[in-house]
Structures are given as structure tokens and as C-alpha cells.
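Chemist: Sequence and predicted structure below; questions after.
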Amino acid sequence: MREIHVQRPHFDAPDEPELVQYRSVSGLAVVGLLAGLLSWLAMLSPMLWGLPPAGLILNAIALRRIAISAPAMVGRKAALAGLLLSAAFSAAGPAQWTTYRWMLRNEARQFGLMWFDFLAKGQPHKAIELRSPPASRPPLDDALWRKYPQNSRARREIEGFVRRPSVRVLLALRDKALVRYYDTEAQWQDRTGDWVYQTFAVTCPVEGQPTTFFVGLVMERSLASSENRAFWHVSSFLDAVRPVALGGSGKPD
């Protein structure tokens, strides 16, 4: 019998699908990016200055771990973004805060010198009004004396004011006294506003010899909500104080 050979059809085996390798996302990179995004808060308060350095550390560690684990771990772009944000605000926060404090000191110095200038011009009624909050401060014009009639409480207050030693000397010497800003002894902030305590050197001739004493002014910068503007007022002043640089305590009390 004759053998019959049957040729089986040949089917090409389908190509095997490429295996997709799983790559995990670095959780530390995600946290580092979040820290970088929140680093701008360091511009609001010194209490938050730790956010940018924390972001720098977290993102640097994340980048190192990703480099060691590559290509099994991803997240390098997120860590780089977090690192750049953290680096930017590490300098921006302290710089802005320092600039703001310097601005406050400069404004307080100008306001304090205005207080002395009123006394040098023989206008104690205008100097004493600088202690009033801006909302209740009358115009500092020629009509201001009408606020101090004889036997009134306001008159008694200004009479007590001009009896203060430093005020009495400044009113007597007028422009013969040289007043110079000396130093900012203290600076702080509370819910009412910003406070600056500064000392001013007053040099005047005593028996032909120049003599210097120091006057301290405590000034507050507060916001008048009705006008959305900030104003200064003299909260108190101190006679014959000693600055910190000369051994004083630096406290306005």
C-alpha cells in the first residue's frame, strides 16, 4: 500500500507581547515636591523659615534614592522641581522679612524725629497729639490750641507733658539742641500692629560743653481699617535712658 504523507499547515507563532516593567513612584519625591510648593509660606513669618530647608533635604535624599534605584523608581522631575522651589524660597523668606523690618525701623525713625521737631519749634501740643491713634488724632494745624482751654483735662495733660525733664529741656533749647537717631533697641509684633523702640541722642551745650543724653520713644504702626492705611503713633517716651550699646537693658519699661 502506498503511504500518503499529509503536510500539516504551518502557522507562525504570534510574537510574544513585550512585558511592561513596573516602575514605582518615589513617595519621598512627592513629599519633597509638596514641601517645595509650601516653601513660599516662609515669606509670611520667621516661624515658617524651616519649610524651605526641609524641602531641600527631602528632595536631595529623594534624588539620591532615585539615582540608586534607577530605572526601577521614578519621580526625578518632581524632586528637581521641589528642590528648585525650596532653594528659591530659602533666600526669599529671610530677605523679605529683613527688608520689612528695615522699612519699619526707617519709618519709625522719621516719625520719631518729627516728634522732636515739634518740640524744637515750641509746639508741644502737636508733639503730644502724636501719641493719639490715627483715627482720633485731630489735624495738626493752628486751630489745635483750641483743644486745650484753661482748666480742662486736656490742658492739665499738656502741662504735665511739658514738665517732663526731656521735654522741658528740648523746649528751652529749641534749635540749639542737636537730635540724632541713635539705635533701634527692640522691635516686635502683636495683634495690634508693629512696635519699634528707638533711642535718640540729644546733644546740647551745658556751661559751654556739649552734653548728650538719650530719649527713648516707643512707637506703634497700626492699620486703620476704615482707610486701609497704616499709621504711626508714639505710645510712650522715656527720659534719660541708656541704650544697649552703652550698657542699657534695651527694654522700654
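Modeler: That came through, no problem.

Chemist: Residue 71 belongs to a strand?
Modeler: No: under DSSP: H, G, I helix; E, B strand; the rest coil, residue 71 sits outside any strand and is assigned coil.

Chemist: let's have the chain start at 692 instead
Modeler: OK, 692 is where the count begins now, so the last one is residue 762.

Chemist: Now stretch 772-783: average pLDDT?
Modeler: For stretch 772-783, mean pLDDT rounds to 84.

Chemist: Mind listing residues that contact it?
Modeler: 720, 723-728, 730-731, 733-734, 742-747, 749-751, 753-754 (Cβ atoms under 8 Å, 6 or more residues apart in numbering). Where you see a C-beta, it was placed from the backbone N, CA and C, and this is true even at glycine.

Chemist: Off-centre distance for the helix ranked longest in the chain?
Modeler: Looking across the chain with DSSP state H, the single longest helix is helix 767-811. Chain-centre distance of helix 767-811: 5 Å, with Cα atoms, centre = their mean, to the nearest Å.

Chemist: Check stretch 902-913 too.
Modeler: For stretch 902-913, the distance to the chain centre is 21 Å (Cα atoms, centre = their mean).

Chemist: name the helices or strands packed onto the worst-scoring helix or strand of the chain on mean pLDDT?
Modeler: For the chain, the helix or strand with the lowest mean confidence is strand 764-765, at a mean of 76 (criterion: mean pLDDT, DSSP states H and E). If you count contacts as 3 or more Cβ pairs under 8 Å, 6 or more residues apart in numbering; DSSP states H and E, strand 764-765 packs onto strand 715-716, helix 742-760.

Chemist: Distance to residue 803 added to the ones you listed, as JSON lines?
Modeler: Output for these, formatted as JSON lines (distance: least, Cβ to Cβ, whole Å):
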{"stretch": "strand 715-716", "distance to residue 803": "58"}
{"stretch": "helix 742-760", "distance to residue 803": "35"}
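
Chemist: The nearest residue to residue 747 once chain neighbours are set aside: neighbour count?
Modeler: With Cβ to Cβ, 6 or more residues apart in numbering as the criterion, residue 747 has its nearest non-adjacent residue at 4.6 Å, and that residue is residue 777. Neighbours of residue 777 under the rule other Cβ atoms under 10 Å: 27.

Chemist: Now find how far off-centre the helix or strand where residue 722 lies is within its chain.
Modeler: Using DSSP states H and E, residue 722 falls within helix 718-728. A distance of 27 Å separates the centroid of the chain from that of helix 718-728, by Cα atoms, centre = their mean.
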